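In: Okay, sequence plus prediction incoming.
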Amino acid sequence: MVYETVIGLEVHAQLLTNTKIFCSCSAKFGQTENSQVCPICLGMPGVLPVLNKKVVEFSIKTGLALNCKIQPVMHFDRKNYFYPDLPKGYQISQFDFPLAKAGVIELRSGKKIGITRVHMEEDAGKLVHPEALENAEFSLVDLNRAGVPLMEIVSEPDMRSPAEAKEYLELLRNTLRYIEVCDGNMEEGSFRCDANVSIREYGSTVLGTKVELKNMNSFRNVELALEYEIERQKKVLSEGGRINQETRLWNVDKCITISMRSKEESHDYRYFPEPDLVPFTPAMDWIKEISMTLPELPLIREKRFVSQYNIPLNDAQTFINEKELADYFEECVKLCNQPRVVSNWILNELLAKLKEKNISIKECPIKPVNFKEMIELMDKGVISGKIAKTVFGEMFQSSSSSASAIVERMGLTQIVNTDEIGAIVDSVIAQQAEVVTSYKNGKEKALGFLVGEVMKISKGKANPKIVNELLLKKLKGI
């Protein structure tokens with residue numbers, strides 16, 4: 001039997017608001033347990049929620065960026081379920097009338113993945129299991145996250161492979177980061193993904209029984225979990241078994257999925273309209289105003305980088321994966337108009353140093369103007385490419401120093417005087433008689449060794465072009 005995979009993704013993205021969705025408590029991550037709570041997010045009797053306007057604005061902005069239709073009327077609903085981290089016994093979400101519908105994300109292949117809906121909701125609290133206490137028969141509840149504003153972005157079941165699902169997630173996360181509504185931090189839980197996956201006989205239009213996958217905190221884990229689950233389902237069917245509709249957890253250590261519970265349907269949550277929040281219609285002028293704030297989106301920028309700057313696609317993909325890095329690249333290029341050179345320096349030198357120091361591009365000590373100055377010194381022949389790496393390293397260590405100041409302070413100016421270089425060449429030829437003989441016998445690699453010796457003696461400051469020219473001229477005359 002040949003099977004086709006069907007994948008749909010549900011993403012919960014925490015919005016970058018200062019306060020929660022229905023109260024003025026801080027939404028900041030990582031604070032002392034239960035320090036950011038009030039009667040509203042604690043679900044006390046008699047309290048009334050007040051909708052945070054910024055949450056609606058960010059959600060509309062997301063809907064527009066994902067090519068959705070913003071709905072003319074929307075309201076909130078109560079999603080009823082009982083769990084210790086949900087003090088009210090229900091979650092305020094949207095069901096029948098979400099904020100946006102019918103969007104699309106286009107993959108690099110040109111394939112379009114439908115967006116079913118984008119809706120707003122509040123987060124629940126968090127259970128803390130006291131591992132430090134041996135044989136503890138209880139869990140603790142931290143309600144700091146209760147009421148933190150979320151968007152749920154639900155895709156159509158349009159993905160046919162784990163690789164497509166991974167690319168969709170990366171593009172979605174980048175889009176949310178570009179429009180500055182979510183930081184996309186998967187480790188802190190501000191960008192969370194659940195996957196629905198099923199298989200069916202190839203060519204069939206009937207969907208198979210879906211399984212929901214949870215507990216995937218990276219793009220790679222999403223891909224691995226889907227790969228495992230697809231093979232598991234194929235094995236079950238090939239052995240005559242039946243796929244159960246259930247929720248399964250991804251076990252990172254064992255690289256397997258584990259059954260958690262049977263999968264709920266929407267009617268299990270007994271949705272009904274939230275009586276404390278009235279239906280509302282966002283003004284068309286406001287939607288238009290929000291649309292004017294949309295930046296150039298990631299995939300469009302990626303294509304422009306390749307066509308405008310003539311850099312490889314892989315380079316462009318690396319840049320657009322982090323908006324600040326793409327901004328840095330463009331700022332450098334605007335100053336010196338050498339995109340290939342800038343791209344190579346950033347990817348081969350700068351990123352390694354940022355990783356070594358464990359800092360982001362926002363904290364980069366080398367400003368674009370210093371970058372431009374170093375490249376100009378190379379173009380003018382003041383420093384060689386090898387010396388430039390030394391200058392670059394010094395600029396990274398001392399952000400206040402310009403490239404020219406470092407060259408002057410360290411005496412790194414390139415030697416271009418032919419007499420001075422010629423004297424070093426003569427010395428190397430005299431000391432490396434065997435290598436010279438090898439070169440004359442046809443071993444052209446020997447020339448590279450001789451060039452290296454000249455550069456070593458000159459401490460990398462001799463102009464490589466002049467070194468090569470003088471060596472060839474002198475070797476031919478021997």
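Out: Perfect, thanks for sending it. Numbers count the residues shown, from 1 in each chain.

In: mind listing the helices for the stretch 251-400 of the chain?
Out: With DSSP state H, counting those that start in this stretch, the ranges of helices along the stretch 251-400 of the chain come out as 284-291, 298-309, 313-320, 323-336, 339-345, 351-357, 368-379, 385-397.

In: And for the stretch 101-250 of the chain?
Out: Under DSSP H, counting those that start in this stretch, the stretch 101-250 of the chain gives helices at 162-178, 219-238.

In: deepest of the ones you listed, which one?
Out: Comparing these by mean neighbour count (mean count of other C-beta atoms under 10 Å), helix 162-178 comes out on top with a mean of 21. In this view, the C-beta of every residue, glycine as well, is placed from N, C-alpha and C.

In: Just name whatever secondary elements that helix is in contact with.
Out: For helix 162-178, the contact count by 3 or more C-beta pairs under 8 Å, 6 or more residues apart in numbering; DSSP states H and E identifies strand 3-14, helix 53-65, strand 100-106, strand 191-201, helix 219-238, helix 298-309, helix 323-336 as packing neighbours.

In: Let me have these in JSON lines, adding mean pLDDT and distance to F449 as columns.
Out: Output for these, formatted as JSON lines (pLDDT from 0 to 100; distance: least, C-beta to C-beta, whole Å):
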{"stretch": "strand 3-14", "mean pLDDT": "94", "distance to F449": "55"}
{"stretch": "helix 53-65", "mean pLDDT": "96", "distance to F449": "56"}
{"stretch": "strand 100-106", "mean pLDDT": "95", "distance to F449": "52"}
{"stretch": "strand 191-201", "mean pLDDT": "93", "distance to F449": "53"}
{"stretch": "helix 219-238", "mean pLDDT": "93", "distance to F449": "43"}
{"stretch": "helix 298-309", "mean pLDDT": "95", "distance to F449": "37"}
{"stretch": "helix 323-336", "mean pLDDT": "94", "distance to F449": "34"}
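
In: For stretch 451-468, buried residues please.
Out: Within stretch 451-468, the residues that qualify as buried are 451, 453-455, 457-458, 460-463, 466-468, counting by 16 or more other C-beta atoms under 10 Å.

In: Looking at those, which is nearest L48?
Out: G460 (71.8 Å; C-beta to C-beta).

In: show me the contacts for that closest one.
Out: With contacts defined as C-beta atoms under 8 Å, 6 or more residues apart in numbering, G460 is in contact with S384, K386, I387, T390.

In: and it, how far is that from A388?
Out: To A388, G460 is 10 Å away according to C-beta to C-beta, to the nearest Å.

In: So for the two, which residues contact both of them?
Out: Counting by C-beta under 8 Å, 6+ apart, no residue touches both G460 and A388.

In: hang on, the earlier thing: tell me the one among the contacts of G460 nearest to A146.
Out: The closest of the contacts of G460 to A146 turns out to be T390 (C-beta to C-beta; 53.9 Å).

In: I figured that closest one hits M410, correct?
Out: Yes. Between T390 and M410 there is a contact at 7.4 Å, judged by C-beta atoms under 8 Å.

In: Between these two, which is the more surrounded one?
Out: Set T390 next to M410 and count neighbours by other C-beta atoms under 10 Å: T390 wins out with 17 against 12.

In: Run through the stretch 251-400 of the chain and note the low-pLDDT ranges.
Out: The stretch 251-400 of the chain contains residues with pLDDT under 70 at 263-267, 399-400.

In: now I153, nearest residue through space, not along the chain?
Out: Nearest residue to I153, sequence neighbours excluded (C-beta to C-beta, 6 or more residues apart in numbering): V11, at 4.6 Å.

In: What of I243?
Out: T209 (4.2 Å).

In: List the contacts of the one you found.
Out: T209 neighbours (C-beta under 8 Å, 6+ apart): S198, R242, I243, N244, Q245.

In: Could you work out the most separated pair of those?
Out: Pairwise across those, and taking C-beta to C-beta, the largest span is found between S198 and R242, at 12.5 Å.

In: More neighbours: which of those two?
Out: S198 (21 against 7).

In: Would you check that that one makes contact with E246?
Out: No. Applying C-beta under 8 Å as the test, S198 and E246 come out as separate, 11.8 Å apart.

In: who touches both of these two?
Out: With C-beta under 8 Å, 6+ apart, S198 and E246 have common neighbours V211.

In: The nearest residue to E10 once chain neighbours are set aside: neighbour count?
Out: Distance criterion C-beta to C-beta, 6+ apart; nearest residue to E10, sequence neighbours excluded, is D194 at 4.6 Å. By other C-beta under 10 Å, the residues close to D194 number 18.

In: Could you list which residues are in contact with L169?
Out: The contact partners of L169, taken as C-beta under 8 Å, 6+ apart, are L9, V11, C193, F219, V222.

In: Next, count neighbours for D268.
Out: Neighbours of D268 (other C-beta under 10 Å): 12.

In: Same question for L325.
Out: 21.

In: got the contact list for it?
Out: Contacts of L325 (C-beta under 8 Å, 6+ apart): T318, F319, I346, I361.

In: give me that answer again for 6 Å
Out: Neighbouring residues of L325 by C-beta atoms under 6 Å, 6 or more residues apart in numbering: F319, I361.

In: do you know how far it is from L294?
Out: Separation of L325 from L294 (C-beta to C-beta): 20 Å.

In: What's the separation between R78 and G184?
Out: 29 Å.

In: Repeat that for A403.
Out: 34 Å.

In: More neighbours: which of the two?
Out: Neighbour count, other C-beta under 10 Å: between A403 and G184, A403 has more, with 26 against 20.

In: quick one: stretch 90-103 to chain centroid distance?
Out: 26 Å (C-alpha atoms, centre = their mean, to the nearest Å).

In: residues of that stretch that come out buried?
Out: If you call a residue buried by 16+ other C-beta under 10 Å, then stretch 90-103 has these buried ones: Y90, Q91, I92, S93, Q94, F95, F97, P98, L99, A100, K101, G103.

In: which non-adjacent residue is nearest the fourth one?
Out: Here the nearest residue to S93 in space, its sequence neighbours aside, is E121; by C-beta to C-beta, 6+ apart that works out to 3.7 Å.

In: what is that neighbour paired to in the beta sheet?
Out: L150 (DSSP bridges).

In: ok, now V104?
Out: Assessed by DSSP bridges, V104 has beta-bridge partners G114.

In: doesn't L66 make contact with it?
Out: No. When contacts are counted by C-beta atoms under 6 Å, V104 is not listed as touching L66 (7.2 Å).

In: Can you pick out the residue with more neighbours from those two?
Out: The neighbour comparison of V104 against L66 (other C-beta under 10 Å) goes to L66, with 21 against 14.
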